[in-house]
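>>> Test case, fold it:
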Amino acid sequence: MDLQYPIDTSNLNDGYILIFDYENLKYKFVNPDDVLSRAAVEPQQPGLPADFLSLLEVDLDNKINVDAGNW
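Residues are numbered from 1 along each chain as shown. Prediction:
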């Protein structure tokens with residue numbers, strides 16, 4: 001594979017995903033949890049997709065309630 005930008009394998013771990021680091025102009029491996037966390041706090045798009053948030057709302061409904069009403 002002939003890539004224009006290098007691939008940084010210093011953080012290569014099982015289950016990590018490959019992303020492009022635009023600041024450093026290279027590909028790197030990151031923890032998928034970091035990607036979700038960054039998407040959740042992103043003030044503009046992409047953010048987390050609305051259908052994903054709806055699915056979480058349904059899946060987590062009545063699983064944990066902070067007011068201790070449901071468990």
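>>> CA only for contacts and neighbour counts going forward, please
OK.
>>> phi, psi of residue 49?
Backbone torsions of residue 49, given as degrees, to the nearest 10, read phi -60, psi 140.
>>> any idea how far it lies from residue 38?
13 Å (Cα to Cα, to the nearest Å).
>>> swap in residue 15?
Distance from residue 15 to residue 38, by Cα to Cα: 18 Å.
>>> who has more neighbours, those two?
Per other Cα atoms under 10 Å, whichever of residue 15 and residue 38 has more neighbours is residue 38, with 13 against 10.
>>> Helix or strand: which one has the more buried one?
helix 32-41 (DSSP states H and E).
>>> so how far is that helix off the chain centroid?
4 Å (Cα atoms, centre = their mean, to the nearest Å).
>>> And stretch 30-48, by the same measure?
Taking mean C-alpha positions (Cα atoms, centre = their mean), stretch 30-48 and its chain are 5 Å apart.
>>> repeat for stretch 26-41
Counting by Cα atoms, centre = their mean, stretch 26-41 is centred 5 Å from the centre of its parent chain.
>>> Okay, buried residues for that stretch please.
27-30, 39 (16 or more other Cα atoms under 10 Å).
>>> Out of those, which sit inside helices?
Per DSSP state H, helices hold the following members of the buried residues of stretch 26-41: residue 39.
>>> can you state the direction angle for the helix or strand containing residue 55 and helix 32-41?
If you go by DSSP H and E, residue 55 is part of helix 50-60. Interaxial angle of helix 50-60 relative to helix 32-41 (axes from the mean of the first three to the mean of the last three Cα atoms, to 10 degrees): 110 degrees.
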